[in-house]
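**Q** Any chance you could fold what I've pasted below:
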Amino acid sequence: MTTTELKNKIAEAIEQEWFKTISVNFSFAVGEQMSIEGVSAIFEFVNQQVEGWEKFNNLPSELKQNKTYFTAVRDAIATFTNNYLQQNETNLNSSWQNQVVNPINNIVSQPSNVRQVNGRRQIVNQPILPYNIPEVEFLLKVHKETPKYFQGAFHFLLRTDQNNQSNIAQPDFFYGAILAYEFLLKDHTKITERRNAEKSSISKIRNDFQKYLSESESQIIEHIKKTND
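**A** Predicted structure coming up:
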């Protein structure tokens, strides 16, 4: 389903306002947080992530899971929109939680490398990253230039190796961890103070863009409805 097709469907929904105002929160592995309002805006963001990850060639398995994650969320939103256009708000809220919010939070219903977390089934060790952040750029560079150091850099940067700390004794893993440490250590330099300020500014621009995107998507759907009427 394309974004245009999804907008046209939402314009025919019984609870159209619900589709325009429902929001979700994305929490990524490096502390990135994003709140998006409106089903079409959420779909557009997720679809952009899928397309962004598809641009990278020869991704290591640790990063391929990001494309898998965003694709699953995108498909969940498309399926939900197809199946629940004519439902009331109560049914929409319940089904949205189970069919869309749970996948966003990495909660799964089938056994597949899962564990119980607060009474819910959750995927183990699946840190999710958006494609357009400095950490991903750094990891891709390490994988391209010194692939044998990638594991150490990845696990150190994302703190995913806490139960297997003996890996640090392996030279390649250790050197990768050092690269990630130096990447993080930039936070203590004047250069990085400027870089952090720029990153904060970019993050604010990104959040503002998502806000305006949500408002724009809502206006477009309203326009489609009026046109149909």
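**Q** tell me the secondary structure for the most centrally placed residue in the chain?
**A** When C-alpha atoms, centre = their mean is applied to the chain, the residue found nearest the centroid is Pro130 (5.1 Å). At Pro130 the chain is in coil, as set by DSSP: H, G, I helix; E, B strand; the rest coil.
**Q** Asn25 now?
**A** strand.
**Q** thinking it is in contact with Met34, fair?
**A** Yes. In this structure, Asn25 is within contact of Met34 by C-beta atoms under 8 Å, at 7.2 Å. In short, each C-beta sits where N, CA and C put it, glycine included.
**Q** quick one: which of these two has more around it?
**A** Neighbours around Asn25 and Met34, counted as other C-beta atoms under 10 Å, are more numerous at Met34. The numbers are 15 against 11.
**Q** Could I get the phi/psi values of the more buried one?
**A** phi -150, psi 130 (degrees, to the nearest 10).
**Q** From the contact counts, what lies against the helix or strand Glu135 falls within?
**A** Glu135 is part of helix 134-145, with elements assigned from DSSP states H and E. Identification of packing neighbours for helix 134-145 by 3 or more C-beta pairs under 8 Å, 6 or more residues apart in numbering; DSSP states H and E yields helix 61-83, helix 150-158, helix 171-185.
**Q** tell me the most buried of those helices?
**A** helix 150-158 (a mean of 23; mean count of other C-beta atoms under 10 Å).
**Q** Next up, the contacts around the nearest residue in space to Ser95 that is not next to it in sequence.
**A** Residue nearest to Ser95 in three dimensions, not counting chain neighbours: Tyr84, with 5.5 Å by C-beta to C-beta, 6 or more residues apart in numbering. Neighbour list for Tyr84: Asn91, Leu92, Ser95, Trp96 [criterion: C-beta atoms under 8 Å, 6 or more residues apart in numbering].
**Q** between those, which is nearest Pro147?
**A** Of all the contacts of Tyr84, Pro147 sits closest to Trp96, with 40.7 Å by C-beta to C-beta.
**Q** If it's not too much trouble, I'd like the helices and strands packed on helix 134-145 exported to CSV so that mean pLDDT sit alongside each entry.
**A** Shown next, in CSV, are the helices and strands packed on helix 134-145 (pLDDT from 0 to 100):
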stretch, mean pLDDT
helix 61-83, 94
helix 150-158, 91
helix 171-185, 87
